[in-house]
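Visitor: 3D model of this:
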Amino acid sequence: MRAIVVEQFGGPEVLQLTELPVPEPGPGEVSIDVAYAGVNFAELKSRSVGYRVESLPFQPGLEVAGRIRAVGAGVAESHGLRPGDRVAALTRFGGYAEVAVADADTVFALPDGVPLSTGAALPTVLPTAHALLHEIGRLRAGDTVLVHGAAGGVGGVVGQLAKLGGAGLVLGVVSGEAKAEYARKTGYDEVFIGPEFAAEALRVTGGRGVDLLLDPVGGETLRTGLTLLTPFGRLVSYGNANGEAAWQAGAADLNPGRSVGAMSILELSQSHPQALRELAERAFGLVAGGQVDPLVSAELPLEEVAEVHRLIESRTTTGKFLLRVGGEA
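Guide: From the prediction side, this is the model:
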């Protein structure tokens, strides 16, 4: 089978198209004939600096959609999954391939009417966005929400979900005007460009600040965000894109009554897979019902994966990118 392999950390050029044996699922696992694979920022970090990589070589790819090829021992009885089922899955590694293996706990049947090309955009983005707003962020009707990376895969879905959940004012932060225009189309009322977001947010809210802030950037951006929170405001961290040292917050930063939470879809999948399954079912249902669009921006063939990584690293892209592997709709 064709698969992407990384033998040394580095730029997009280290993503090598290789022929490998077809993997077989072990007990509790499922193999999937991959139609599409999603591309995520975490995979760029794995390729470049070894994020979550235990050893080289490794196969990148966190999420796929396709049809089940084979099931390991006990899967049919415990999860009701069978060969031929249309599914989306979190794979942790190995998603950039014609056949991928995933734990049955993180394989989800696709709702009727959701094509595989849409399904590949769901396993990371939809549960993450839903959890940021609801399970962790505790969104309330009328809340003012501020979201960094508003034109990205998660950001575009958050804008839609926030409005659907009754947010009063949804504010976004992006890096350029083209991204700002895109974000406004996904539910954001106001979009700010660059490091002046704090002053702009205070201006738009009349000095009140924001009730809920979602931050995938970390570092100084996160520390500035804390100062924008209203009393009892919530900040949820879900990444450290700028690579700064881990932040710390004490009582002085959080008074009066502010709180900070964190979200990692990979950590949740490993520690509490049943919680992830329940979350995914809620989130996927919104797509199946036509209430949320996962905003797939482009589909490129597997052999162009290096170009996809270059485009995302340029920070000029919007929405979600997919790799077309098998190509079945």
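
Visitor: For L222, give its distance to F41.
Guide: 16 Å (CB to CB, to the nearest Å). Heads up, the C-betas are built off the backbone N, CA and C, glycines and all.

Visitor: ugh, typo on my part, it should be L229
Guide: 25 Å.

Visitor: ranges for the strands of the stretch 151-300 of the chain?
Guide: Using DSSP state E, counting those that start in this stretch, the strands assigned to the stretch 151-300 of the chain run over residues 169-174, 190-193, 210-215, 229-237, 259-262, 296-301.

Visitor: do the stretch 1-150 of the chain as well
Guide: Using DSSP E, counting those that start in this stretch, strands in the stretch 1-150 of the chain cover 2-6, 15-19, 29-38, 63-71, 86-90, 99-103, 107-109, 144-148.

Visitor: Most tightly packed of the ones you listed?
Guide: strand 144-148 (a mean of 28; mean count of other CB atoms under 10 Å).

Visitor: Can you list the strands that that one pairs with?
Guide: The pairing partners recorded for strand 144-148 under DSSP bridges are strand 169-174 (parallel), strand 210-215 (parallel).

Visitor: Tell me which of those sits nearest to E77.
Guide: The minimum distance between E77 and the strands paired with strand 144-148 falls on strand 210-215, with 39.2 Å, by CB to CB.

Visitor: Off-centre distance for the closest one?
Guide: Taking CA atoms, centre = their mean, to the nearest Å, one finds the center of strand 210-215 at 17 Å from the center of the full chain.

Visitor: what ranges of this protein fall below the confidence cut-off?
Guide: 246, 327-329 (pLDDT under 70).

Visitor: what residues go with each domain of it?
Guide: Segmentation of the chain into domains, based on automatic domain parsing, reads 2-122+294-324, 125-266.

Visitor: Between the two ends of the last one, what distance do you get?
Guide: The first residue of domain 125-266 is 12 Å away from its last residue (CA to CA, to the nearest Å).

Visitor: Of the domains of the chain, which is nearest L286?
Guide: domain 125-266 (7.4 Å).

Visitor: Show me what the nearest residue to A102 once chain neighbours are set aside bridges to in the sheet.
Guide: Of all residues not flanking A102 in the chain, A89 sits nearest, at 4.1 Å (CB to CB, 6 or more residues apart in numbering). Note on A89: beta-bridge partners V64, V107, judged by DSSP bridges.

Visitor: which ones are touching A89?
Guide: 30, 32, 63-65, 100, 102, 106-108, 123 (CB atoms under 8 Å, 6 or more residues apart in numbering).

Visitor: rewinding a little: need the strands of the stretch 151-300 of the chain in CSV (columns: distance to D112).
Guide: Converted to CSV, the strands of the stretch 151-300 of the chain look like this (distance: least, CB to CB, whole Å):
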stretch, distance to D112
strand 169-174, 30
strand 190-193, 35
strand 210-215, 31
strand 229-237, 32
strand 259-262, 34
strand 296-301, 19
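
Visitor: residue boundaries of the helices in the chain?
Guide: Under the criterion DSSP state H, the chain contains helices at 41-49, 75-79, 116-119, 125-130, 153-164, 177-184, 197-204, 219-228, 251-254, 265-271, 273-288, 305-313.

Visitor: Just send the ones you listed back as TSV, with distance to R140 too.
Guide: TSV is the format used below for the helices of the chain (distance: least, CB to CB, whole Å):
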stretch	distance to R140
helix 41-49	29
helix 75-79	35
helix 116-119	30
helix 125-130	15
helix 153-164	11
helix 177-184	22
helix 197-204	18
helix 219-228	17
helix 251-254	19
helix 265-271	23
helix 273-288	18
helix 305-313	33
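
Visitor: Quick one: closest of these to E244.
Guide: Of those, nearest to E244 by CB to CB is helix 219-228, at 2.9 Å.

Visitor: by contact count, what packs against the closest one?
Guide: Where contact means 3 or more CB pairs under 8 Å, 6 or more residues apart in numbering; DSSP states H and E, helix 219-228 is packed against strand 144-148, helix 197-204, strand 210-215, strand 229-237, helix 251-254.

Visitor: one more time with 7 Å
Guide: helix 197-204, strand 210-215, strand 229-237 (3 or more CB pairs under 7 Å, 6 or more residues apart in numbering; DSSP states H and E).

Visitor: show me what contacts the spatially most central residue of the chain?
Guide: With distances taken as CA atoms, centre = their mean, V125 lies nearest the centre of the chain, 3.4 Å away. V125 makes contact with 153-154, 157, 294, 320, according to CB atoms under 7 Å, 6 or more residues apart in numbering.
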